[in-house]
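1. my questions concern the predicted model and sequence given below.
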Amino acid sequence: MFDSMNVSQLYTRWLVARENGRPLTLIDVRSLEEFQSGHVPGAQLIALNTLMARVSDIPKNEDVFLICHSGGRSAQAADYLARQCGHRNLINIEGGTSAWLQAGYPCE
């Protein structure tokens, strides 16, 4: 129902998108507190507990990257969006923000 990629693959896509001036649709499903403690630059916060109410904020016709702390909640979000809302082109980020930070990639 959805694809997955690791943070190295996301970083490559993130860099290309930034160079082309077309940022990725990257949704962070962690809590506000987690998001504020550090996130991928350009990520949009839509906490998992608000996902149902914010489905209309998530595009259906482009790739949507979902990230959380380690990949579990973002997989839940991707599963919900695919099964219940008909979204396609969903990509779960394995390892999440934790792996992104461990790799030394940029953080806001």
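-> Noted; the coordinates are in hand.

2. so what's the spatially most central residue of the chain bridging to?
-> Of all residues in the chain, the one closest to the mean position by C-alpha atoms, centre = their mean is L66, 2.3 Å from it. L66 has these beta-bridge partners by DSSP bridges: I27, N92.

3. that one and G86: what is the separation?
-> 16 Å (C-beta to C-beta, to the nearest Å). In this view, the C-beta of every residue, glycine as well, is placed from N, C-alpha and C.

4. kindly report the same for S8.
-> In terms of C-beta to C-beta, S8 sits 30 Å off from G86.

5. quick one: neighbours of L32, just the number.
-> 11 (other C-beta atoms under 10 Å).

6. equivalent analysis for I93, please.
-> When neighbours are counted by other C-beta under 10 Å, I93 registers 26.

7. what does T97 give?
-> Other residues close to T97 by other C-beta under 10 Å number 26.

8. repeat that for M1.
-> Neighbours around M1, by other C-beta under 10 Å: 11.

9. now it, nearest residue through space, not along the chain?
-> Computed as C-beta to C-beta, 6 or more residues apart in numbering, the closest residue to M1 that is not its neighbour in sequence is A82, at 3.9 Å.
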